[in-house]
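**Q** Everything below, folded, please.
(one chain, ligands or ions: 2)
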Amino acid sequence: MFLERRAHSLADPSGQRQFLIAAVKFVDEARIAVHAGKGGDGAVSFRREKYVPRGGPDGGDGGRGGSVYAKADRNVNTLIDYRYARIHRAKDGGKGHGKQSSGRGGDDVHLRMPVGTVITDRESGELIADITAHAQVALIARGGRGGLGNVNFKSSVNRAPRRATPGEPGESRELQLELKLLADVGLLGLPNAGKSTLIRAVSSARPKVADYPFTTLHPSLGVVRVDVSRSFVVADIPGLIEGAAEGAGLGHQFLRHLARTRLLLHLVDIAPLDPEADPVRDARAIVSELRKYDEGLYRRPRWLVLNKADLLPAEERERAAREFVRRLRWKRPRFVVSALTGEGCRELCHAVMSHLEGKR
Ligand SMILES: Nc1nc2c(ncn2[C@@H]2O[C@H](COP(=O)(O)OP(=O)(O)OP(=O)(O)O)[C@@H](O)[C@H]2O)c(=O)[nH]1
Ligand SMILES: [Mg+2]
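**A** Ligands and ions are numbered 1, 2, ... in the order given. I've put the predicted structure just below:
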């Protein structure tokens, strides 16, 4: 009985979560406005005591306005929340009071964002923060300082100052949030090339695999462990097609997730079922889309991974690979693998690891 209940409670939340992930659109961009709190005004007040007719000034300072912070949280995967809640305000500081008592500080606001969120000021384009590690906190709008109470203005010539200063306004900003996944290696390729299958073969990530194009709708990460102490992170992204820059397929905006990678693996189906298909031409088209998106990304180290080798007889594979590379005029590293059977994947992962460690 106990076991049953436990199994149930385990299954339920994960079932729910999967549903949520499936139902929620992956959002990797949002615009928000943040307003920090105003500082409280300083107080003008005089001491009142029974037998002291004119007590000195005792107006306290205003409290600090609340600030707005961004906080990286690995349990948050997308910026979807910020599509709905766009305005975020921290509380104002309280006014100062008599008896030299200061106003209350306004409460801060912490906005939870996915690890890898880049925050820029929409007006100036200035980079405000790039939160790259879980629990990292960045100030995105500073609360105003509280004003000074009249107790601060007492002097030998003015014993009864009626002067206090108002609290300063808090910062207000329009911000652009952009999620750029943090991965060492990015996968690139046509829909159905086998990107998600490869991630499943080499990591414990379980992205969906299916024989129709655009199975992957949002990027995900997999950790590839080559031995106990060495690992790297791969990003699985949606398939790219010719014309993506003009919006064909899923467009090319998701290529932003390759921005921080150090190596790209271009996956190609070496044995397409369609007899009309020309994988070499398709490979060129993908590379040209990559270039249209970003010249820097185009220049990044990129290896060719010829996938689905299992569909060719063993003696055919090397010949087909050589022919492909010759036609593409490819001079850089290339690998022949089968993401389905796992053939060649170990060698590929070790080569990637060595490359990332600077050995290749
Ligand atoms: N025979 C064979 N089939 C494979 C191999 N790799 C992938 N496939 C099949 O190819 C189809 C597409 O695989 P996916 O991994 O979903 O391809 P993808 O590149 O992630 O596709 P999108 O997410 O749509 O861009 C699936 O039916 C896989 O089973 C392979 O090495 N050999
Ligand atoms: Mg996929």
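
**Q** List every C-alpha atom in stretch 331-342, with coordinates, as CSV.
**A** In CSV, the C-alpha atoms belonging to stretch 331-342 read as follows (Å, rounded to 0.1, in the frame of the first residue of the first chain):
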residue,chain,number,x,y,z
LYS,A,331,38.1,19.9,-45.7
ARG,A,332,37.3,19.8,-42.1
PRO,A,333,36.6,16.9,-39.7
ARG,A,334,33.8,14.5,-40.6
PHE,A,335,32.3,11.5,-38.9
VAL,A,336,30.1,8.7,-40.0
VAL,A,337,27.7,7.6,-37.4
SER,A,338,24.3,5.9,-36.8
ALA,A,339,22.4,7.7,-34.0
LEU,A,340,20.0,4.8,-34.1
THR,A,341,22.5,2.0,-33.4
GLY,A,342,25.1,4.1,-31.7
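
**Q** any idea how far Lys308 is from the residue in the stretch 251-360 of the chain that ligand 1 sits nearest to?
**A** Here the residue of the stretch 251-360 of the chain nearest ligand 1 is Leu340; by C-beta to the nearest ligand atom that distance is 3.4 Å. Backbone N, C-alpha and C define where each C-beta goes, glycine included. Distance of Leu340 to Lys308, computed by C-beta to C-beta, to the nearest Å: 7 Å.

**Q** Show me which of the two is the more surrounded one.
**A** Between Leu340 and Lys308, counted using other C-beta atoms under 10 Å, Lys308 has the larger neighbour count: 23 against 17.

**Q** Quick one: the helices in the stretch 1-150 of the chain, in order.
**A** In the stretch 1-150 of the chain, the helices defined using DSSP state H, counting those that start in this stretch lie at 2-23, 81-84.

**Q** weakest of those helices by average pLDDT?
**A** Mean pLDDT values for the helices of the stretch 1-150 of the chain show the minimum at helix 2-23, a mean of 36.

**Q** Which residue ranges of the stretch 101-250 of the chain form strands?
**A** Secondary structure of the stretch 101-250 of the chain (DSSP state E, counting those that start in this stretch): strands at 109-113, 117-121, 127-131, 137-141, 172-179, 185-189, 220-227, 230-236.

**Q** and these as a markdown table, adding mean neighbour count, mean pLDDT and distance to ligand 1?
**A** A markdown table is the format used below for the strands of the stretch 101-250 of the chain (neighbours: other C-beta atoms under 10 Å; pLDDT from 0 to 100; distance: least, C-beta to the nearest ligand atom, whole Å):
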| stretch | mean neighbour count | mean pLDDT | distance to ligand 1 |
| --- | --- | --- | --- |
| strand 109-113 | 19 | 96 | 26 |
| strand 117-121 | 20 | 95 | 24 |
| strand 127-131 | 17 | 94 | 28 |
| strand 137-141 | 19 | 97 | 33 |
| strand 172-179 | 19 | 95 | 19 |
| strand 185-189 | 25 | 93 | 6 |
| strand 220-227 | 17 | 87 | 10 |
| strand 230-236 | 21 | 90 | 7 |
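
**Q** out of those, which comes closest to ligand 2?
**A** strand 230-236 (6.0 Å; C-beta to the ion).

**Q** List the pairing partners of that closest one within its sheet, with orientation.
**A** strand 185-189 (parallel), strand 220-227 (antiparallel) (DSSP bridges).

**Q** isn't Gly167 right next to Ala43, touching?
**A** No: applying C-beta atoms under 8 Å, one finds Gly167 not in contact with Ala43, separated by 11.1 Å.

**Q** anything in contact with each of those two?
**A** Taking C-beta atoms under 8 Å, 6 or more residues apart in numbering as the criterion, Gly167 and Ala43 both touch Gly62.

**Q** So the two - more neighbours on which side?
**A** Neighbour totals were compared for Gly167 and Ala43, and Gly167 leads with 29 against 26 (other C-beta under 10 Å).

**Q** so what's that one closest to, chain neighbours aside?
**A** Closest residue in space to Gly167, ignoring its immediate chain neighbours: Gly39 at 2.9 Å, by C-beta to C-beta, 6 or more residues apart in numbering.

**Q** tell me the contacts of the one you found?
**A** Applying C-beta under 8 Å, 6+ apart, one finds that Gly39 lies in contact with 62-65, 92-93, 143-147, 166-170.

**Q** at 6 Å instead, please
**A** Counting by C-beta atoms under 6 Å, 6 or more residues apart in numbering, Gly39 makes contact with 62, 64-65, 93, 144-146, 167-168.

**Q** With pLDDT and distance to ligand 1 added, can I get the residues you listed in TSV?
**A** Shown next, in TSV, are these (pLDDT from 0 to 100; distance: C-beta to the nearest ligand atom, whole Å):
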residue	pLDDT	distance to ligand 1
Gly62	95	56
Arg64	97	50
Gly65	97	47
Gly93	96	51
Gly144	97	49
Arg145	96	52
Gly146	95	54
Gly167	95	53
Glu168	97	51
